[in-house]
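1. Have a look at this prediction, sequence included:
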Amino acid sequence: MSDKTAALSKCLQEDLTGILDDYQLEFTFSGSQPIWPDATVQQYQAFALGRSLFKKYNEKDTPSDGACSAALSKFLKVNERCKDFTPEPADIRDEELLNGVANVIEKFWYVDGETPLVSTFDQLYDRGRLGSGMNRFSRGSDLYTKIWDSPLSATSESLLYIWHRLSLRDVRWAAAERHRHKEHGTHIVAGNKLSFVNKNVAVARCISTEPTVNMWFQLGLEDAMRERLSHLYCLRLEVQQDINKALARRGSKTGRLATIDLESASDSVSIGLLKRILPPDMFRWLMILRSPVTHLPNGREHVLEMVSTMGNGYTFPLQTLIFTAAVITSYRHLGIKPEFGGSAANRNLGVFGDDIIVDSRAFSTITRLLRMMGFVVNSDKTFHEGPFRESCGGDYVSGHHCRGVYIKRLRTTQDYAVAINLLNRWSAATGIHIPRTVQYLGSRPGLLQVPGYENDDAGVHLPLDMVRGVERLSHGLIRYPSWRAKSATFSVAKDGSIVMECREARRNTNPEGLWLAFLHGDIRGYRHTLRQRRVRYTTKHKVSSSWDTLSPQCQALRLDWRRWSDAVYYNFTL
């Protein structure tokens with residue numbers, strides 16, 4: 001722990017004195033034991049803040065060697081567990097449950113009972129796209145660079161051949177592909193490449209960089225599965241997180257809903273499990289598009305016993321489907337009617353990846369089925385008794401918000417502004433004032449004062465009656481400075497050449513590729529915005545006509561203006 005995190009931790013302990021006694025404070029800031037059973041709502045909230053504050057803290061952009069080693073060890077262990085795994089029902093009831101899961105997925109895959117969801121590569125190609133991250137051998141993370149100014153990669157000659165044949169259907173795309181192929185060529189690779197990103201202090205997160213062609217088709221399948229989940233089960237993944245949060249809140253008040261979390265869920269979907277529960281043609285599509293091996297950081301290649309890794313395009317909807325099928329099957333076995341549609345108040349289940357919410361009466365049956373399918377229930381993050389529930393980043397105790405604040409770093413002045421804004425919102429949501437903590441962060445020189453509707457990294461959010469040093473114009477307008485992230489861009493000159501306006505690798509001109517990127521919406525006003533590895537800021541002066549407007553983040557926490565402004569006032573003045 002650094003000097004500033006130690007000082008900040010001491011300030012927080014002093015702020016929480018009175019809500020927590022000395023023993024409870026020591027218990028909160030050390031160890032990993034769960035909270036005491038008779039805790040009050042405010043003690044839950046204080047406990048959560050103490051545990052979370054530096055859980056994900058890392059001054060560096062990359063995780064430590066120790067965190068990477070722990071992540072790799074865990075990944076290899078889970079992969080080995082998937083090897084030769086097949087579900088083993090203990091009795092006739094288990095067999096019926098497993099068959100029920102297979103039947104639900106079969107109904108999902110065959111749209112009208114006979115027609116499969118996907119039957120040709122044309123369907124995947126038309127739905128395909130690339131994500132915001134890198135692909136193997138790509139020279140950048142933007143669409144233009146990955147598709148039209150980089151080597152293309154795939155796990156087989158047949159996938160590359162299909163890609164080239166399908167690209168010939170469009171004259172412009174074919175011309176762009178010929179230009180790209182002449183400049184960069186193609187690569188056949190054994191599989192994806194494993195790397196690490198920050199997760200928490202102890203363990204990093206494993207992610208896999210997929211071959212470009214594989215990823216395009218994987219995300220085509222993902223789009224088809226996502227659409228089918230929405231149509232059949234009202235699971236719209238773009239909004240399901242909010243629904244899960246509302247269900248978790250209701251479960252914490254009534255006790256009638258349980259929240260389930262799984263350990264390494266995406267890595268635990270084994271080939272043996274899918275052979276047992278998937279229709280054969282669906283299983284074949286998954287196997288064709290996946291990466292059979294992964295390239296480890298030490299340079300060695302390791303055979304993947306899991307079906308897909310975090311980074312594969314179809315991983316998330318696949319696990320959502322599997323867990324939804326498990327819930328539906330368990331409900332039918334127990335005579336509970338699954339309620340999918342309508343608002344969260346009318347639903348009795350919610351699945352978003354491995355964030356699962358179920359009727360508490362079905363908890364033991366569902367967890368038994370999940371274990372039989374090779375998944376490990378995370379007992380530390382699974383709740384079916386007591387007043388606490390958590391799902392999709394929403395933590396609730398007896399209906400009250402009690403999620404802590406995660407400070408990821410305190411390297412720049414903008415980092416301090418983000419931390420202050422997060423802590424002030426937490427204070428407003430919980431009613432617990434933490435003036436020493438906020439004022440310690442607020443002592444950072446150079447902090448700007450901005451309206452509450454600005455981004456958290458634009459400056460410190462303050463009510464207008466607390467603001468000093470801004471320019472008050474006529475008609476109630478306020479002129480103020482704020483931070484804005486600099487855009488990393490390249491522009492297209494009049495002669496069609498590319499002009500780099502950032503410290504990225506130089507892009508080559510592919511005329512038809514630039515035209516296609518423009519049609520896709522990536523190039524606007526002759527300029528293409530690129531993803532930044534490290535954000536850099538500039539100061540911009542703005543004018544506000546409605547300074548005291550509540551931010552969307554406060555509205556999501558159901559805060560009113562008075563509650564938020566009072567929390568900010570007390571934290572900065574007490």
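-> Happy to help now that I have it.

2. which residues does residue 226 contact?
-> Applying Cβ atoms under 8 Å, 6 or more residues apart in numbering to residue 226 gives the contacts 237, 317. Placement of C-beta: from N, CA and C, glycine included.

3. check which helix or strand covers it.
-> Applying DSSP states H and E as the criterion places residue 226 in helix 212-233.

4. Strands of the stretch 251-400 of the chain, residue ranges please.
-> Assigned by DSSP state E, counting those that start in this stretch, the stretch 251-400 of the chain shows strands spanning 257-260, 262-263, 293-295, 301-303, 350-352, 355-359, 376-377, 388-391, 394-397, 400-401.

5. Turn those into JSON lines, including mean neighbour count and mean pLDDT.
-> Formatted as JSON lines, the strands of the stretch 251-400 of the chain follow (neighbours: other Cβ atoms under 10 Å; pLDDT from 0 to 100):
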{"stretch": "strand 257-260", "mean neighbour count": "25", "mean pLDDT": "98"}
{"stretch": "strand 262-263", "mean neighbour count": "19", "mean pLDDT": "94"}
{"stretch": "strand 293-295", "mean neighbour count": "19", "mean pLDDT": "97"}
{"stretch": "strand 301-303", "mean neighbour count": "14", "mean pLDDT": "96"}
{"stretch": "strand 350-352", "mean neighbour count": "26", "mean pLDDT": "97"}
{"stretch": "strand 355-359", "mean neighbour count": "26", "mean pLDDT": "97"}
{"stretch": "strand 376-377", "mean neighbour count": "16", "mean pLDDT": "96"}
{"stretch": "strand 388-391", "mean neighbour count": "25", "mean pLDDT": "96"}
{"stretch": "strand 394-397", "mean neighbour count": "24", "mean pLDDT": "96"}
{"stretch": "strand 400-401", "mean neighbour count": "20", "mean pLDDT": "94"}
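
6. show me the contacts for residue 481.
-> Contacts of residue 481 (Cβ under 8 Å, 6+ apart): 448, 459, 539-542.

7. ditto for residue 316
-> With Cβ under 8 Å, 6+ apart, residue 316 has these contacts: 222, 237, 266, 353.

8. Show the pLDDT at residue 308.
-> Per-residue pLDDT puts residue 308 at 91.

9. re the thing from before, tell me which two in the contacts of residue 481 are the farthest apart.
-> With distances taken as Cβ to Cβ, the most widely separated pair in those is 459 and 541, at 11.9 Å.

10. And the two? Which one has more around it.
-> Set residue 459 next to residue 541 and count neighbours by other Cβ atoms under 10 Å: residue 459 wins out with 23 against 10.

11. What does that one show for phi and psi?
-> With angles defined as degrees, to the nearest 10, residue 459 sits at phi 150, psi -180.

12. Check residue 116 too.
-> Dihedral angles (degrees, to the nearest 10) for residue 116: phi -70, psi 160.

13. That one contacts residue 107, doesn't it?
-> No - using Cβ atoms under 8 Å as the test, residue 116 is too far from residue 107 to be in contact (11.9 Å).

14. wait, what's in contact with the residue nearest the centre of the chain?
-> With distances taken as Cα atoms, centre = their mean, residue 392 lies nearest the centre of the chain, 9.1 Å away. Residues in contact with residue 392 (Cβ under 8 Å, 6+ apart) are 240-242, 244-245, 248, 352, 355.

15. what's the spacing between it and residue 570?
-> Using Cβ to Cβ, to the nearest Å, we find residue 392 at a distance of 30 Å from residue 570.

16. neighbouring contacts of stretch 436-448?
-> Applying Cβ under 8 Å, 6+ apart, the external contacts of stretch 436-448 come out as 7-8, 11-12, 14-15, 410, 413, 416-417, 419-420, 423-424, 427, 458-460, 480-483, 539, 571-572.

17. Any buried residues in stretch 103-120, and which?
-> Across stretch 103-120, burial judged by 16 or more other Cβ atoms under 10 Å covers 104-105, 108-109, 117-118.

18. and stretch 234-244, what's its mean pLDDT?
-> Stretch 234-244 shows a mean pLDDT of 95.

19. rewinding a little: now intersect the buried residues of stretch 103-120 with the helices, please.
-> Residues of the buried residues of stretch 103-120 located in helices (DSSP state H): 104-105, 108-109.

20. so which of the residues you listed comes closest to residue 176?
-> Nearest to residue 176 out of those is residue 109 (Cβ to Cβ; 34.0 Å).

21. what residues are up against that closest one?
-> Neighbouring residues of residue 109 by Cβ under 8 Å, 6+ apart: 116-117, 278-279, 281-282.

22. before we move on, the earlier item: by neighbours, which of the contacts of residue 316 wins?
-> Within the contacts of residue 316, neighbour counts (other Cβ under 10 Å) peak at residue 222, which reaches 24 neighbours.

23. ok, now how distant is it from residue 285?
-> 12 Å.

24. ok, now residue 217?
-> In this view, residue 217 and residue 285 are 9 Å apart by Cβ to Cβ.

25. Over to residue 140?
-> Separation of residue 140 from residue 285 (Cβ to Cβ) stands at 29 Å.

26. try residue 414
-> Distance of residue 414 to residue 285, computed by Cβ to Cβ: 44 Å.

27. and what of residue 119?
-> Distance, residue 119 to residue 285, by Cβ to Cβ: 9 Å.

28. How about residue 67: what's its closest non-neighbour residue?
-> Nearest non-adjacent residue to residue 67, counting by Cβ to Cβ, 6 or more residues apart in numbering: residue 204, 4.2 Å away.

29. wouldn't the one you found be in contact with residue 75 here?
-> No - between residue 204 and residue 75 there is no contact under Cβ under 8 Å: 10.0 Å.
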